[in-house]
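[1] Coordinates for the following, if possible.
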Amino acid sequence: MIDGLLTNKICTNLKEKLISGRIQKIYQINNTEILFKVRANRTNYQLINSIDNNSFRLHITQNKYDTLDTATNLTMNFRKHLEGGIIKDIYQNECDRTITFEIIKFNEMRDEQVKYLIFELTGRHANTMLADSDYTIIDALKFLPISSNLKRMIQRNLKFEYASVNDKLNPLNGIENTENYQQVYQGFSKELNNEFIYLNKQDISAQESLDNYLSSTTIYAYKKCLSYIPLSHLEEEPRIFDDLDEAFDYKYMKESSENSLKSIYKAEIKHLKGIQKRNKKKIAKLQQQYQDNLNYDIYKIKGTLIYDNLYQFDKNQHYDKITVFDYEKNEEVILYLDDKISLVDNATKEMKLYNKAKKSFAYLEEQIELAKKQNNEIEEALSSINYSSVNDFSEVIDYFKENYNIKHVVQNKKKKKKKKEVSYESLVNDEGVTILIGKNSIQNNHVTFKLARKNDIWLHIKDESGSHVIIKDDNPSDSTLEQAARLALFYSNAKPNVKYEVMYTPIVNVTKLKGHGIGMVSLKSYQSIFIENDHEMIKEIRDNVSSN
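    Reported below is the predicted structural model:
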């Protein structure tokens with residue numbers, strides 16, 4: 001979603017805010033994301049950088065991120081060379097998707113040292129590199145061996161070279177109308193190329209369109225991209241922002257958390273999906289056996305009829321069939337027998353078959369319910385990726401390890417911690433009312449059945465996976481109810497800017513749903529509030545509340 005012209009605006013934005021700022025702290029969020037804390041112009045900033053294929057970006061963020069408990073070698077290297085350094089300059093390589101920070105740091109002898117922090121915002125080739133004053137690579141988030149790119153390697157102690165722009169022209173030096181801007185000029189995405197062509201047909205020159213783009217302070221957020229001019233050729237209503245960093249935060253408020261989880265817990269998620277797939281096959285097989293055993297009563301009926309009529313026959317005689325009167329049906333019936341054994345042994349055999357089938361029937365019911373319960377819990381867990389933090393999701397993984405004996409799941413690389421209390425989010429709004437939020441099935445169960453009182457108000461999005469939200473008040477105001485409903489939508493699988501139904505009811509009406517996994521509930525009665533899933537409104541709510 002980032003092209004060279006948007007990179008130019010990113011660079012300008014960062015330059016205005018961070019030049020002369022001091023890098024105070026550096027944290028690694030996961031193996032694709034780094035967080036820099038910078039103090040500039042008497043303001044504290046958080047600079048987030050991601051090289052993830054689906055969410056590569058560089059911007060100042062207000063969002064909260066969980067960072068790794070243990071510093072990696074890369075984090076230690078970055079801290080050693082950059083913490084305490086002053087950002088002297090920030091510049092773009094021509095109109096390409098590369099931004100370089102020139103950083104000045106003084107060593108113990110007070111000698112000035114120059115370091116370069118280089119961010120490449122190039123999709124699946126995105127990277128972040130630390131280089132010395134002569135552009136010798138010190139470290140990088142991703143290394144490229146010669147086998148991956150014959151023209152350009154990224155390795156320690158090699159000289160960094162900017163990626164080739166293939167002799168394309170820099171539009172910042174002037175631009176003329178053409179039939180395909182991507183082929184001729186640097187910095188054009190497919191969408192921006194199509195828009196410039198569309199504007200040409202409206203008798204607006206390419207230079208005028210570019211000047212409008214570069215001078216604009218309004219950001220238009222589309223599903224695929226951000227743009228500084230409206231993309232008229234798209235049949236989509238954009239979200240409008242006045243600040244680029246806010247637009248990025250809106251775009252990645254959820255996506256970043258989801259991508260972080262999928263990166264850190266890749267092996268665990270794959271394993272859970274494998275269990276889910278095997279369970280589906282197991283359920284189908286067990287249900288077929290269950291259907292085959294539905295008529296197990298016929299063994300009991302046949303055995304009982306033989307026993308009841310033994311007085312009419314020689315019980316030790318071998319018969320291939322006998323005719324008896326069935327008083328239940330009020331008719332004579334023919335019973336076909338195994339003539340290799342006696343009549344009384346046939347009766348015993350039928351009763352054994354009945355008892356075996358009966359036990360099997362109960363076992364099949366139990367196993368089907370167990371597999372369904374496990375799949376429900378896995379489905380709920382995988383859904384919670386959309387709105388859980390790394391620490392929240394670690395509770396889900398621990399739950400499956402403890403309760404389902406999942407031994408082969410790859411352990412997280414963090415240090416093993418002692419078992420701790422279930423975490424959850426607690427907010428206090430401007431009316432002084434506490435709102436509790438569970439972000440996975442374990443937290444949902446905890447806030448609903450451990451922390452809530454019987455008259456507290458429980459909220460949940462209807463017919464979707466999501467958080468249990470508790471208002472610690474038996475008679476909340478309309479404003480508090482609306483805030484809690486919006487939080488219930490945000491921490492769910494609800495799509496942005498779509499109206500949903502949120503259920504709310506006193507806790508006394510909420511009961512655990514047996515056989516459906518932890519956190520699953522049923523309601524005796526409830527009321528509804530219909531409300532839009534507005535991410536901007538959520539930001540305002542969170543800015544106006546305090547964490548408990």
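[2] so where do the helices sit in the stretch 351-500 of the chain?
    Using DSSP state H, counting those that start in this stretch, the helices assigned to the stretch 351-500 of the chain run over residues 390-403, 441-446, 478-490.
[3] Any buried residues in the last one, and which?
    Meaning helix 478-490. 480-490 (16 or more other CB atoms under 10 Å). Using the backbone N, CA and C atoms, a C-beta is placed for each residue, glycine as well.
[4] And those residues, which is closest to Ile10?
    Phe490 (26.3 Å; CB to CB).
[5] how far away is the closest one from Lys277?
    30 Å (CB to CB, to the nearest Å).
[6] what's around Gly466, how many residues?
    By other CB atoms under 10 Å, the residues close to Gly466 number 28.
[7] Spatially nearest residue to it, not counting backbone neighbours?
    Nearest residue to Gly466, sequence neighbours excluded (CB to CB, 6 or more residues apart in numbering): Ser492, at 2.7 Å.
[8] hang on, that neighbour packs against Ser467?
    Yes. Ser492 lies in contact with Ser467 (CB atoms under 8 Å); the separation is 6.2 Å.
[9] Between these two, which has more neighbouring residues?
    Ser467 (28 against 22).
[10] Just list the residues touching that one, thanks.
    387, 437-439, 443-444, 460, 487-488, 491-492 (CB atoms under 8 Å, 6 or more residues apart in numbering).
[11] do that again at 6 Å, thanks
    Applying CB atoms under 6 Å, 6 or more residues apart in numbering, we find Ser467 in contact with 437-439, 488, 491.
[12] Which residue, other than its chain neighbours, is closest to it?
    That would be Tyr491: by CB to CB, 6+ apart, it lies 3.8 Å from Ser467.
[13] What of Leu47?
    Nearest residue to Leu47 in three dimensions, chain neighbours excluded: Phe36, at 4.1 Å (CB to CB, 6+ apart).
[14] quick one: which helix or strand includes the one you found?
    Using DSSP states H and E, Phe36 maps to strand 33-40.
[15] did I read that right, Ser272 in a helix?
    Not quite, residue 272 is Leu, not Ser. Yes. Leu272 forms part of a helix when assessed by DSSP: H, G, I helix; E, B strand; the rest coil.
[16] so where's the stretch 151-300 of the chain uncertain?
    151, 253-264 (pLDDT under 70).
[17] how about the helices of it, start to end?
    181-184, 190-201, 206-215, 244-252, 255-264, 266-292, 297-308.
[18] what's next to the last one, contact-wise?
    Counting contacts by CB under 6 Å, 6+ apart, the residues outside helix 297-308 that touch it are 324, 346-347, 350-351, 353-354.
[19] so after it, what's the next helix or strand?
    strand 321-326.
[20] For stretch 483-497, give the mean pLDDT please.
    In this model, stretch 483-497 carries a mean pLDDT of 86.
[21] Phi and psi next, for the closest residue in space to Asn455 that isn't next to it in sequence.
    Of all residues not flanking Asn455 in the chain, Asp474 sits nearest, at 3.7 Å (CB to CB, 6+ apart). When quoted as degrees, to the nearest 10, the phi and psi of Asp474 stand at phi -80, psi -10.
[22] Could you do Lys223 as well?
    phi -60, psi -40.
[23] Not counting sequence-adjacent ones, nearest residue to it?
    That would be Glu236: by CB to CB, 6+ apart, it lies 6.6 Å from Lys223.
[24] burial count for the one you found?
    Neighbours of Glu236 (other CB under 10 Å): 10.
[25] And the one 3 residues further on, by the same measure?
    Other residues within reach of Arg239, judged by other CB under 10 Å, total 17.
[26] So it sits against Tyr220, correct?
    No. The criterion here is CB atoms under 6 Å, and Arg239 misses it with Tyr220 at 7.6 Å.
[27] Find residues that contact each of the two.
    Counting by CB under 6 Å, 6+ apart, nothing touches both Arg239 and Tyr220.
[28] about what we covered before: and of the helices of the stretch 151-300 of the chain, who's closest to Thr136?
    helix 255-264 (28.8 Å).
[29] residues in contact with Asn194?
    Asn194 neighbours (CB under 6 Å, 6+ apart): His233.
[30] typo on my end, it should be Gln276
    Here Gln276 is in contact with 375, 378 (criterion: CB under 6 Å, 6+ apart).
[31] distance of it from Ile240?
    Taking CB to CB, one finds Gln276 at 41 Å from Ile240.
[32] Run a quick neighbour tally on Val38.
    Neighbours of Val38 under the rule other CB under 10 Å: 21.
[33] Is it in contact with Lys25, as I believe?
    No. If you go by CB under 6 Å, Val38 and Lys25 don't touch, sitting 8.9 Å apart.
[34] now, which of the contacts of Ser467 lie within strands?
    Of the positions in these, Ile437 sit in strands, assigned by DSSP state E.
[35] With distance to Thr511 added, can I get the contacts of Ser467 in TSV?
    Compiled in TSV, these are given as follows (distance: CB to CB, whole Å):
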residue	distance to Thr511
Ile437	21
Gly438	16
Lys439	22
Ala488	19
Tyr491	22
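[36] Highest neighbour count among the contacts of Ser467?
    Neighbour max across the contacts of Ser467 (other CB under 10 Å) = Ala488, 29 neighbours.
[37] Return the residues in contact with that residue.
    Contacts of Ala488 by CB under 6 Å, 6+ apart are 459-461, 467, 469, 502.
[38] same thing but at 8 Å, please
    459-461, 466-467, 469, 502.
[39] End to end on stretch 440-451, go ahead and measure it.
    15 Å (CA to CA, to the nearest Å).
[40] could I get the helices of the stretch 351-500 of the chain as a markdown table with distance to Glu94?
    A markdown table is the format used below for the helices of the stretch 351-500 of the chain (distance: least, CB to CB, whole Å):
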| stretch | distance to Glu94 |
| --- | --- |
| helix 390-403 | 37 |
| helix 441-446 | 49 |
| helix 478-490 | 40 |
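[41] Compare those and give me the one nearest Thr178.
    Closest among the helices of the stretch 351-500 of the chain, once you apply CB to CB, is helix 478-490, at 43.8 Å.
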